[in-house]
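**Q** need a 3D model of the following:
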Amino acid sequence: MIFSSFDFLFRFLPLFLILYFICPEKWRNQCLFAGSLIFYFYGARHSPLYFVLFLLSIPVNFFIGQLIGRKRDAKERSFWLNAGIFYNLFWLILFKYSTFITENLNLLLSYTKTGLQFPVIRLSLPFGISFYTFQAIAYLADVYRKEIRSEHSLLRFCTWFSMFTQVTSGPVTRYQEIRSQLIRRRFSMDRLETGLREFTIGLSLKVLLANQLGRLWSQVGAIGYESISTPLAWMGIIAFSLQLYFDFYGYSLMAQGIGWILGFQIPRNFAYPYQSLTMTEFWRRWHITLGKWFRDYVYIPLGGNRKGFVIMVRNLLTVWLLTGFWHGADWNFLLWGLLLFALISIEKMGLGRILNRFPTAGHLYMALVIPLNWLVFAISQPPQILIYLQRLFPFFTAPGTYTWFEGDYLKYGRIYGLSLLAGLIFMTDLPRRIYSRHRRSFLTAVILIVLFWLCVYCIKMGMDDPFLYFRF
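**A** Next comes the predicted model:
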């Protein structure tokens with residue numbers, strides 16, 4: 001079940017909210033937990049064992065957290081932390097990476113001429129496992145470091161772990177960020193209105209922008225990268241860059257909106273990253289909760305930048321390769337992580353200071369780097385990446401290899417030109433500043449209502465796509 005679906009908008013969410021608000025306050029955690037289990041079960045209904053795995057992960061992490069919290073001996077605490085990390089990563093590696101590992105191991109074995117090959121088993125990815133695995137590890141690590149106490153209420157832990165607002169695609173919400181809200185949360189008409197507005201804005205960004213831009217990228221792929229002109233190649237990769245942003249940003253806003261309605265303040269996940277001057281700044285603004293996770297549980301424990309330049313570079317390489325691999329089990333994601341490592345390392349060696357000092361240069365730099373960065377992310381086969389780069393930069397190819405301006409961009413410009421223009425506007429903070437200034441006006445309310453029903457129409461007409469981050 002996805003937020004931009006009829007089942008969620010007109011079945012699950014209205015019925016759940018009615019039950020949630022008629023419940024006495026002391027029963028609302030039970031109601032939220034039950035609703036979250038129904039939500040997750042619906043998403044995993046075709047693979048019930050994945051639902052069992054999800055259910056099992058809740059008490060396992062709860063009781064390991066209690067063991068870490070109760071133990072006084074450092075070795076015992078460390079043992080249970082490692083046991084918890086192993087348990088969580090085992091399932092993630094099994095379902096997400098085992099096929100990739102086996103295929104590449106078989107490739108290496110093929111060069112030995114031994115004839116030895118391992119069977120390749122292709123497993124589908126359990127619903128939200130990349131996100132709830134990281135939340136569980138963060139909780140156990142925070143208890144181990146005594147940043148929080150282990151939770152003694154199984155119900156509160158279950159409610160946080162399974163909360164349907166963020167269990168499938170984030171944000172990666174740490175326990176201490178909402179612990180007090182699980183005990184007591186505030187409700188008001190203003191919070192309800194804010195939640196509905198944020199949900200509508202997020203739904204509009206997803207359905208009316210991300211989905212439309214995604215169609216352009218899909219059509220570029222259907223044509224074949226060898227057959228597109230340079231202008232269409234740039235239109236395509238810009239469309240993908242905007243699609244990915246509005247898809248995930250829209251989802252995060254919807255999650256925050258539902259959180260406001262339920263009385264929770266879900267952490268912010270985006271801060272207009274396309275306005276950044278450097279790639280370093282970009283990754284402080286993009287998928288903020290994931291970036292903080294890698295900073296706090298990988299980069300800093302490895303030593304961060306406190307042990308000299310060489311160690312810092314090693315730590316950056318580790319973080320960005322893991323970031324790439326977290327997004328997908330394929331070589332292009334590792335290549336993407338390596339590209340990010342190279343860019344951020346160069347910025348730390350001095351380029352970043354120059355770009356921050358000259359903002360115009362910084363924006364021009366990012367206007368080039370962001371699409372190229374997402375190109376490696378979007379295309380799984382390195383030879384196809386190379387072909388696309390040749391289309392983007394035809395002066396690197398032999399003269400007469402293909403026509404630079406075939407007129408295809410005119411056709412697709414007429415179809416998607418307004419969507420591209422809207423995307424370039426809404427990727428900035430200008431629309432939000434205008435909205436904040438006129439938030440209470442009658443006209444704003446009317447516009448949001450119209451946008452909601454326009455989204456409903458598009459969904460009804462089949463003009464909706466699954467969230468891109470579900471595949472990660």
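**Q** residue ranges with poor pLDDT in this protein?
**A** 398-405, 463-472 (pLDDT under 70).
**Q** so after the lengthiest helix in it, what's the next helix or strand?
**A** Secondary structure of the chain per DSSP state H: the longest helix is helix 230-262. Moving toward the C-terminus from helix 230-262, the next helix or strand (DSSP states H and E) is helix 279-285.
**Q** I'd like to know which elements the following helix or strand past that next one is packed against.
**A** Later in the chain than helix 279-285, the nearest helix or strand by DSSP H and E is helix 288-294. Other elements packing on helix 288-294 under the criterion 3 or more C-beta pairs under 8 Å, 6 or more residues apart in numbering; DSSP states H and E are helix 129-144, helix 309-327. To be clear about C-beta, it is placed using only N, CA and C from the backbone, and glycine gets the same treatment.
**Q** give me phi/psi at Leu116?
**A** The phi/psi pair for Leu116 (degrees, to the nearest 10) reads phi -80, psi 130.
**Q** got a list of what it touches?
**A** Contacts for Leu116 (C-beta atoms under 8 Å, 6 or more residues apart in numbering) come out as Leu109.
**Q** same question, Val220
**A** By C-beta under 8 Å, 6+ apart, the contact set of Val220 is 228, 232-233, 235-236, 239.
**Q** most neighbours among those residues, please name it.
**A** Neighbour counts for the contacts of Val220, by other C-beta atoms under 10 Å, peak at Gly236, which reaches 29 neighbours.
**Q** the closest residue to that one other than its chain neighbours: which element?
**A** What sits nearest to Gly236 in space, not counting adjacent residues and going by C-beta to C-beta, 6 or more residues apart in numbering, is Val220, at 3.6 Å. Taking DSSP H and E as the criterion, Val220 maps to helix 211-223.
**Q** what's the closest of the contacts of Val220 to Ser47?
**A** Using C-beta to C-beta, the shortest approach to Ser47 within the contacts of Val220 belongs to Ala239, at 32.3 Å.
**Q** wait, doesn't that closest one sit right on Leu209?
**A** No - the pair Ala239 / Leu209 is not scored as a contact, 10.4 Å apart, by C-beta atoms under 8 Å.
**Q** what do these two both touch?
**A** With contacts defined as C-beta under 8 Å, 6+ apart, the residues adjacent to both Ala239 and Leu209 are 419, 423.
**Q** rewinding a little: and the helices and strands packed on helix 288-294: which comes nearest Arg179?
**A** So among those, helix 129-144 is nearest, using C-beta to C-beta, at 10.2 Å.
**Q** ok now that closest one, how far from the chain's centre?
**A** Taking C-alpha atoms, centre = their mean, to the nearest Å, the mean C-alpha location of helix 129-144 is offset from the chain mean by 16 Å.
**Q** please apply the same query to stretch 210-218.
**A** Distance of stretch 210-218 from the chain centroid (C-alpha atoms, centre = their mean) equals 18 Å.
**Q** using PDB, write out every CA atom in it.
**A** What follows is stretch 210-218, C-alpha atoms only, in PDB (Å, rounded to 0.1, in the frame of the first residue of the first chain):
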ATOM      1  CA  ALA A 210       7.400  13.300 -10.100                       C
ATOM      2  CA  ASN A 211       5.200  11.000 -12.100                       C
ATOM      3  CA  GLN A 212       5.000  13.300 -15.100                       C
ATOM      4  CA  LEU A 213       8.700  13.900 -15.200                       C
ATOM      5  CA  GLY A 214       9.300  10.100 -14.800                       C
ATOM      6  CA  ARG A 215       7.400   9.500 -18.000                       C
ATOM      7  CA  LEU A 216       9.900  11.600 -19.900                       C
ATOM      8  CA  TRP A 217      12.800   9.600 -18.500                       C
ATOM      9  CA  SER A 218      11.000   6.300 -19.300                       C
END
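**Q** who's in contact with it?
**A** Taking contacts as C-beta under 8 Å, 6+ apart, the residues outside stretch 210-218 that touch it are 235-237, 239-240, 242-247, 250, 378, 412, 415-416, 419-420, 423, 458, 463-465.
**Q** now stretch 344-353
**A** Contacts to stretch 344-353, defined as C-beta under 8 Å, 6+ apart, come from residues 278-280, 283, 312-313, 316, 320, 355.
**Q** may I see the buried residues of it?
**A** Buried residues in stretch 344-353, counted by 16 or more other C-beta atoms under 10 Å: 344-345, 347-348, 351-352.
**Q** ok, stretch 305-317 next?
**A** 312, 315-316.
**Q** just how off-centre is that stretch within its chain?
**A** Centroid separation for stretch 305-317 versus its chain: 26 Å, with C-alpha atoms, centre = their mean.
**Q** for Val60, which non-adjacent residue is spatially closest?
**A** Distances taken as C-beta to C-beta, 6+ apart put Tyr87 closest to Val60, at 6.0 Å, once the chain neighbours are dropped.
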